[in-house]
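Enquirer: One predicted model, sequence on top.
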Amino acid sequence: MTSYVPERGDIAIDESLIGWKGRLGWKQYIPSKRKRFGIKLFALCETSGYMYNFIIYTGADTIYEAQHSQEPVISRIVLSLVDSLLDKGYRLFLDNYYTSVDLVHKLVKRTTDCVGTIRANRKGIPKDLQVKLSKGQSVARYNRKIMIQKWHDKKDVLMITTLHDKTMEKVLTKKGEIEKPTCVLEYNKKMGGVDLADNYLHYYGTARSRVKKYYMKMFWHFLSVTTLNSFHYVYKRNGGRLKRINFLLELGEQIVRKYSSQITFGTRRSRTPMPSRFIERYFPSVIPPTTKQKSTKRCAICAEKKIRKESRYWCQKCHTGLCPAPCFEISHTK
């Protein structure tokens, strides 16, 4: 949040899902998402897909900004997410889960415009908007800067906006030319930021498919979000030319090079060799003598192939038995 602030313009709030099917008290089911079961996030994104802020939904224990604790739950979500962007002239796009007339009034007072769909049973909707419309008809009502417009397409669509009037625009579709409200066209264009971020995260994800702890799944997901944000919206916008996969490989290599000397594995030695073996100088050496006539260790690479082979050589830094050729080279390059 401190390295990059969304450009003065359009932001959107929607739900995101970290796939998880294990036991968890606040696991959610969202049928519209790709993975359906998982940990729900309320995410604030640029329309370009940059994830600026999020709230992890944990039921009654969900943490919101303290200054909005007296607000209704839905308003609390929105105001907590956009708190640092209020009074700066942003345009916020919401779906009907979040929008209410009261919330829009509060956003207008904080110099933040709002466009979104709204449910017909929300408090403050004018009663004369409950009229039946034929296909293509629309009706609108105003309250100072706020407009609520009802338009009938295949079904009734109710919009609330502080940016538009009841203007209709002609749009070419498969069935010919039809008229749609300007606010609907703008909403369809700018609302997909969170879905776009989820689509990007589907590729080159860092999380393994089988993770036994939910908090590790969350850690790897947020690592993916961090690398995505840094690639698309910091690296590329500053002239970077690498593809995303090459950027991730370069980033991983730099992290290993910088922090490998600080990595510790506790008192018990790990079976996994140090990651620095790919970038530092490692050499095979003879295993020091013990009470045996010949000191040997089982070759780690041969063991992976289910071949039991003893070797008199090892990597002293990795404390791993290895055949001098080709297993030593495989262990330190692949």
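Expert: Now that the structure is in, tell me what you want to look at. Numbering: from 1, shown residues only.

Enquirer: Helix or strand: which one has the closest residue in space to Tyr187 that isn't next to it in sequence?
Expert: Nearest non-adjacent residue to Tyr187, counting by Cβ to Cβ, 6 or more residues apart in numbering: Val115, 5.5 Å away. (Each C-beta comes from the backbone N, C-alpha and C, glycine too.) Taking DSSP states H and E as the definition, one finds Val115 inside strand 113-117.

Enquirer: isn't the residue nearest to Tyr187 right up against Glu186?
Expert: Yes: using Cβ atoms under 8 Å, Val115 makes contact with Glu186 at a distance of 6.2 Å.

Enquirer: what do those two both touch?
Expert: Leu163, His164 (Cβ atoms under 8 Å, 6 or more residues apart in numbering).

Enquirer: Give me the more crowded residue out of these two.
Expert: Val115 (24 against 19; other Cβ atoms under 10 Å).

Enquirer: Bridged to that one, which residues?
Expert: Phe93, Thr161 (DSSP bridges).

Enquirer: and the gap between it and Val286?
Expert: 73 Å (Cβ to Cβ, to the nearest Å).

Enquirer: same thing with Trp220?
Expert: 40 Å.

Enquirer: The two - which one has more neighbours?
Expert: Neighbours were counted for Trp220 and for Val286 using other Cβ under 10 Å; Trp220 has more, 16 against 11.

Enquirer: Report the spatially nearest residue to the more buried one, omitting neighbours in sequence.
Expert: Ala207 (3.5 Å).

Enquirer: I figured that neighbour hits Tyr214, correct?
Expert: No: look at Ala207 against Tyr214 with Cβ under 8 Å: they stay out of range, at 11.2 Å.

Enquirer: which residues are in contact with both of these two?
Expert: Counting by Cβ under 8 Å, 6+ apart, nothing touches both Ala207 and Tyr214.

Enquirer: so where is the stretch 201-334 of the chain shaky, pLDDT-wise?
Expert: 260-280, 291-293 (pLDDT under 70).

Enquirer: Try it again at 50.
Expert: 265-270 (pLDDT under 50).

Enquirer: which stretches of it form strands?
Expert: 284-286, 297-298, 310-311, 313-315, 320-321 (DSSP state E, counting those that start in this stretch).

Enquirer: Lys174 is nearest to which of the ones you listed?
Expert: Counting by Cβ to Cβ, Lys174 lies closest to strand 320-321 out of the strands of the stretch 201-334 of the chain; the figure is 62.9 Å.

Enquirer: elements contacting the closest one?
Expert: With contacts taken as 3 or more Cβ pairs under 8 Å, 6 or more residues apart in numbering; DSSP states H and E, strand 320-321 sits against strand 297-298, strand 313-315.

Enquirer: contacting residues for Thr162?
Expert: Contacts of Thr162 by Cβ under 8 Å, 6+ apart are Val104, Leu107, Val108, Asp113, Cys114, Val115, Lys145, Ile146, Met147.

Enquirer: Quick check on those: which are buried?
Expert: Val104, Leu107, Asp113, Cys114, Val115, Ile146, Met147 (16 or more other Cβ atoms under 10 Å).

Enquirer: Closest to Leu81 out of the residues you listed?
Expert: Leu107 (11.8 Å).

Enquirer: Which neighbouring elements make contact with the helix or strand hosting that closest one?
Expert: Assigned by DSSP H and E, Leu107 belongs to helix 101-109. Contacts defined by 3+ Cβ pairs under 8 Å, 6+ apart place helix 101-109 against helix 73-81, strand 113-117, strand 146-152.

Enquirer: Specify the stretch among those that is closest to Gly240.
Expert: Across those, closest to Gly240 is helix 73-81 (Cβ to Cβ), at 28.4 Å.

Enquirer: gap between the residue nearest to Tyr187 and Asn188?
Expert: Relative to Asn188, and taking Cβ to Cβ, Val115 is found at 11 Å.

Enquirer: what do you get for Phe247?
Expert: 31 Å.

Enquirer: neighbour-wise, which of those two wins?
Expert: Between Phe247 and Asn188, counting by other Cβ under 10 Å, Phe247 is the more crowded of the two (19 against 11).

Enquirer: Tell me which residues touch that one, please.
Expert: Residues Thr227, Phe231, Tyr235, Gly240 are the ones in contact with Phe247 under the rule Cβ under 8 Å, 6+ apart.

Enquirer: want to throw the residues you listed into JSON lines with neighbour count and distance to Gly124?
Expert: Below are these laid out as JSON lines (neighbours: other Cβ atoms under 10 Å; distance: Cβ to Cβ, whole Å):
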{"residue": "Thr227", "neighbour count": "20", "distance to Gly124": "43"}
{"residue": "Phe231", "neighbour count": "19", "distance to Gly124": "43"}
{"residue": "Tyr235", "neighbour count": "17", "distance to Gly124": "45"}
{"residue": "Gly240", "neighbour count": "13", "distance to Gly124": "47"}
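
Enquirer: Of all pairs in those residues, which one spans the longest distance?
Expert: Thr227 and Gly240 (13.0 Å).

Enquirer: Just put the buried ones among the contacts of Thr162 in a markdown table and tack on distance to Leu85 and pLDDT.
Expert: Listed next are these as a markdown table, based on distance: Cβ to Cβ, whole Å; pLDDT from 0 to 100:
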| residue | distance to Leu85 | pLDDT |
| --- | --- | --- |
| Val104 | 16 | 94 |
| Leu107 | 11 | 94 |
| Asp113 | 12 | 93 |
| Cys114 | 13 | 94 |
| Val115 | 15 | 94 |
| Ile146 | 20 | 93 |
| Met147 | 23 | 93 |
